[in-house]
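> Turn this into a model:
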Amino acid sequence: MPDETESTATYRLNEGDLALDVPATWRDETLHVLRLAAEGQATASLVITREVLPLGMEVTDYVSAELARLHTTLPDFVQIGRVPVRWPDVVADAVLTRWRSSEGLMDQITACRLAEGRNLLIFTATHPAPMAAAAYEALLSAISSFVPRSKPDGAPPAA
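The predicted structure is shown next:
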């Protein structure tokens, strides 16, 4: 059982550092939403979320379970394909999908990777369908550009 009195010293945000004194059992569940600027029109977004990968489950199992869940919850959900995402420390598949929102058809790129331990990063890029080739390349390039931070002791993060 983790020591709940153990605390962290710093939480990093893009804008700076936040001093925290919280139990070590707390998890980072921040959500990052990046959206291309567009005046009065639908545009692309890149959302980065975090989850803990359940014990006994691999990233590929998680992706399969998520695809099954989305197929039952999103209208007109279809998987279009898969493409490799090459990060510096691991290669994974990005899943290309299409589904219907209240705003119309959406194209989506989703890629998952372990960060540290069982912590999973989920990259989801969404664009109104059909996604233009330039937008697709830019979003996939943004996802592929992720470089994990080294651990404080200088050891590389777990893949």
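
> Quick one: distance of the host helix or strand of residue 61 to the chain centre.
Per DSSP states H and E, residue 61 falls inside helix 59-73. Helix 59-73 sits 14 Å away from the centroid of its parent chain (Cα atoms, centre = their mean, to the nearest Å).

> Packing partners of the very next helix or strand once past it?
Using DSSP H and E, the helix or strand that follows helix 59-73 in sequence is strand 78-86. Counting by 3 or more Cβ pairs under 8 Å, 6 or more residues apart in numbering; DSSP states H and E, the packing neighbours recorded for strand 78-86 are strand 91-101, strand 104-114, helix 133-144. For every residue, glycine as well, the C-beta is placed using N, CA and C.

> Mean neighbour count, those: which tops it?
Mean neighbour count (mean count of other Cβ atoms under 10 Å) peaks for strand 104-114 among these, with a mean of 20.

> hmm, which helix or strand of this structure has the shakiest average pLDDT?
strand 10-13 (a mean of 67; mean pLDDT, DSSP states H and E).

> Give the partner strands of the following helix or strand past it in its sheet and their orientations.
Next in sequence after strand 10-13, counting helices and strands by DSSP H and E, comes strand 16-19. If you go by DSSP bridges, strand 16-19 pairs up with strand 10-13 (antiparallel).

> Domain parsing of the protein, as residue ranges.
In terms of domains, the chain is parsed into 1-27, 31-144 (source: automatic domain parsing).

> looking at those, which is buried most?
Comparing the domains of the chain by mean neighbour count (mean count of other Cβ under 10 Å), domain 31-144 comes out on top with a mean of 15.

> how far does that domain stretch from start to finish?
This stretch, domain 31-144, spans 18 Å end to end (Cα to Cα, to the nearest Å).

> returning to what we had before: kindly present the domains of the chain as a markdown table, with separate columns for distance to residue 150.
Below are the domains of the chain laid out as a markdown table (distance: least, Cβ to Cβ, whole Å):
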| stretch | distance to residue 150 |
| --- | --- |
| domain 1-27 | 13 |
| domain 31-144 | 10 |
